[in-house]
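# Task: produce atomic coordinates for the following.
(2 chains)
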Amino acid sequence: MAWFKKREPAAQEVKAVDALWSKCNVCNEIIYKKELERNLNVCPKCGYHFPISAQKRIAIVADDGSFRELDRDLAPVDPIHFRDTKRYLERLKEAQKKTGLKDAFITGKGNIQGSPVMIGVFDFSFLGGSLGSVVGEKIARMVEKAMEERVGVIIFSSSGGARMQEGILSLMQMAKTTAALSLLRRERLPYISVLTDPTTGGVTASFGMLGDVIMAEPGALIGFAGPRVIKETIKTDLPPGFQRAEYLLKHGMIDLIVERRKLKGVLGRLLGLFYH
Amino acid sequence: MVRHYLDFERPLMELEREYEELQRFAPRDDPRVQTRLKKLQRRLAKLRQDIYSQLTPWQRTQLSRHIDRPHTLDYIQLVFEDFIELHGDRRFMDDPAMVGGIARLDGETVIVVGHQKGRDVKEMSFRNFGMPHPEGYRKALRIMELGARFKKPIITMIDTPGAYPGVGAEERGQSEAIAHNLREMATFPVPIVVVVIGEGGSGGALAIGVGDRILMMENAIYSVISPEGCAAILWRDGTKGPLAAEALKLTAMDLLKLGVIDEVIPEPLGGAHRDWQGAASNFKEAVLRHLGELRDVPEQRLLLERYHRFRRIGAFTQEWGDDLAG
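Down below sits the predicted model:
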């Protein structure tokens, strides 16, 4: 497992060498893009799990043709007229153009190895997968729908945390989503949280860590505070592997680490065990 | 008590010192002294009005962190009776950045928990500047669960820069501790009144902030991220805090307008740090009134209304879509 030691803690971006080739963030291997995609965006040399789009995630875990998207037209607004060096509305437009998504989260109902389940997936490429009003509303709705239809919920997280540009409304999405999950829990329906690289801040500190089962992809950065903030606060180096999935497993914070190519199988089996 | 002045309060400093010295040391029967005192009083009143009636969000941020502001234990002493502090999370340790216990409020037994900051260097360090570790949140949860079991209303006080970002805190599940509290507070079958008394810093504040009523002291702030943290990320310049404070809409009035809180509790002119008794009495009046409104609400309705209180927060648009729900 030498691969995660070499890596800069916050480096996430896939640097395209050109349109045909990708370079691994961890081992610097140059990989033919088609081969990378065939390998579910996992580096064939070192096993690094590249971040993937929400669409791709759904294609990997849901049974072919079973996914029906919900609330596709839920779109963000600018409730506090936020402006930093750029307007929030501009940032939204750019992100929408870049990703083809309205916001950072896709929800829907699908089957995993025949078991029906509500699926929610973050897309990190949309404003760092940040949790704002649209994401919170979509989660609340998917949980409520899961109770109506008596199915479980799976959320795939990859997020920098609450979205600053919606101010306090973003923080309140943590309370809103966890309140919804408290109802699902009372209804005795399973909730599986899958943490992928990276998941930090308000997402980890709300629905991220509340799964009946919590799993993570290998090497995923998972934490409350980001490693840079912690380092600045305590002014010493961080322990090796700190906040990586393997570290959390060792400290008892997650149930299991599952490689991407095995994810569908494990989720399918788990749902089967909960349902029958 | 040595009074601390923020930069924008400095114009008051000399006048207040002169006033206090005259009052203390000058002969009272001297008419010239009396005239001077009256003049000073008028000038002070006007100056205070000028300074405190149009505070910027950044000035409020500074006030919310003012070292002389009443903290949780001060409010407990001024507002509650018969307080017995409870300690420890029964898992790992006692976190001094979070305090809580059982007390009486106007004769009724209540549960009270809150972040605790320090006032001098030694206490600030002991209280870790009001930044809890996971154990603080677990202690708060344990004490609040007493309220749920023994059917006592819960009052929480928020005053923290945020949950502590450290190695141990992460290893022992800072995220899990916060998340767990959010979920459990949504289900306690007793009235919960939350008061932001100073600094409401992000998830570490919200972790004791889920309730039926959320109130804010006039000069308190409540934000998704500290203005400095926001500035460092979005402006790439931590000194742009004043700009970020403006942009984040973090004052009590902002949150009232956004429908996130229910009421702004007025502070005496100049802020709670200049008149603890006045602030405490406004605090008590507001909390008692809200508890009174919640007292007879049946359990099921209380929980449903609490759910919807948070469920409705958020801003978005939706056109007709081809989704399953349509």
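# packing partners for whichever helix in chain B runs longest?
Ranked by residue count and defined by DSSP state H, the top helix of chain B is helix B:31-52. For helix B:31-52, the elements it packs on are helix B:10-25, judged by 3 or more CB pairs under 8 Å, 6 or more residues apart in numbering or on different chains; DSSP states H and E. Yep, even glycine has a C-beta here, placed from its N, CA and C like the rest.
# mind listing what's buried in the helix it packs on?
By 16 or more other CB atoms under 10 Å in any protein chain shown, the buried positions in helix B:10-25 come out as B:12, B:16, B:19, B:22.
# ok, now stretch B:281-294?
B:282-284, B:286-287, B:290-291, B:294.
# So what touches it?
B:75, B:79, B:105-106, B:108, B:110, B:153, B:155, B:191, B:193, B:195, B:197, B:212-213, B:215, B:217, B:262-263, B:265-268, B:302 (CB atoms under 8 Å, 6 or more residues apart in numbering or on different chains).
# And the residue nearest in space to the middle of chain A, how far from chain B?
Of all residues in chain A, the one closest to the mean position by CA atoms, centre = their mean is A:S157, 2.0 Å from it. From A:S157 across to chain B, the span is 11 Å (CB to the nearest CB, to the nearest Å).
# who are the neighbours in contact with that residue?
If you count contacts by CB under 8 Å, 6+ apart, A:S157 has them with A:122, A:129, A:193-196, A:199, A:203-204, A:207-208.
# near chain B, which of these show up?
Contacts with chain B within the contacts of A:S157, counted by CB under 8 Å from any CB of the partner chain: A:204, A:207-208.
# any chance of these in JSON lines, plus neighbour count?
Formatted as JSON lines, the ones next to chain B among the contacts of A:S157 follow (neighbours: other CB atoms under 10 Å in any protein chain shown):
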{"residue": "A:T204", "neighbour count": "31"}
{"residue": "A:F207", "neighbour count": "28"}
{"residue": "A:G208", "neighbour count": "28"}
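# Select from the contacts of A:S157 the one having the most neighbours.
Sorting those by how many neighbours each has (other CB atoms under 10 Å in any protein chain shown) puts A:V203 first, at 33 neighbours.
# all strands for chain B, in order.
Secondary structure of chain B (DSSP state E): strands at B:81-85, B:98-105, B:108-115, B:154-160, B:192-201, B:213-217, B:221-223, B:263-265, B:316-318.
# Restricting to C-alpha, output the second one in PDB.
Output in PDB follows, covering the C-alpha atoms of strand B:98-105 (Å, rounded to 0.1, in the frame of the first residue of the first chain):
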ATOM      1  CA  MET B  98     -18.800  21.900  26.600                       C
ATOM      2  CA  VAL B  99     -20.700  22.300  29.800                       C
ATOM      3  CA  GLY B 100     -24.100  21.000  30.900                       C
ATOM      4  CA  GLY B 101     -26.300  19.800  33.700                       C
ATOM      5  CA  ILE B 102     -29.600  20.000  35.300                       C
ATOM      6  CA  ALA B 103     -31.100  23.200  36.800                       C
ATOM      7  CA  ARG B 104     -34.300  25.100  37.500                       C
ATOM      8  CA  LEU B 105     -35.700  27.800  35.300                       C
END
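# Okay, the closest residue to B:G100 other than its chain neighbours and B:G136: tell me how far apart.
Counting by CB to CB, 6 or more residues apart in numbering or on different chains, B:G100 lies nearest to B:V113, which is 3.3 Å off, once chain neighbours are set aside. Remark: distance between B:V113 and B:G136 (CB to CB, to the nearest Å) = 10 Å.
# and for those two, which residues touch both?
Joint contacts of B:V113 and B:G136 (CB under 8 Å, 6+ apart) are B:M98.
# Between the two, which is the more surrounded one?
B:G136 (33 against 25).
# and stretch B:262-274, anywhere near chain A?
No: counting by CB under 8 Å from any CB, chain A is not contacted by stretch B:262-274; separation bottoms out at 13.3 Å.
# Could you pull out the strands in the stretch 51-200 of chain A for me?
Under the criterion DSSP state E, counting those that start in this stretch, the stretch 51-200 of chain A contains strands at A:68-70, A:74-76, A:105-112, A:115-122, A:152-159, A:191-199.
# For the ones you listed, give me a markdown table that also has mean pLDDT.
Shown next, in a markdown table, are the strands of the stretch 51-200 of chain A (pLDDT from 0 to 100):
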| stretch | mean pLDDT |
| --- | --- |
| strand A:68-70 | 98 |
| strand A:74-76 | 97 |
| strand A:105-112 | 98 |
| strand A:115-122 | 98 |
| strand A:152-159 | 98 |
| strand A:191-199 | 97 |
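# got the buried residues of stretch B:281-294 as a markdown table, with pLDDT columns?
Formatted as a markdown table, those follow (pLDDT from 0 to 100):
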| residue | pLDDT |
| --- | --- |
| B:N282 | 98 |
| B:F283 | 98 |
| B:K284 | 98 |
| B:A286 | 98 |
| B:V287 | 98 |
| B:H290 | 98 |
| B:L291 | 98 |
| B:L294 | 98 |
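# Let me know the closest of these to A:V229.
A:V229 has its nearest neighbour among the buried residues of stretch B:281-294 in B:F283, at 32.7 Å by CB to CB.
# Excluding residues flanking it in the chain, which one is nearest A:L127?
Take A:L127 and drop its neighbours on the chain: the residue closest to it by CB to CB, 6+ apart is A:A95, 5.1 Å away.
# and the longest helix for chain A?
The residue-count maximum for a helix in chain A (DSSP H) belongs to helix A:167-186.
# Now for B:V260: which residues touch it?
A:168-169, A:172, B:214, B:222, B:313.
# That one and B:D50, how far apart?
Distance of B:V260 to B:D50, given as CB to CB: 30 Å.
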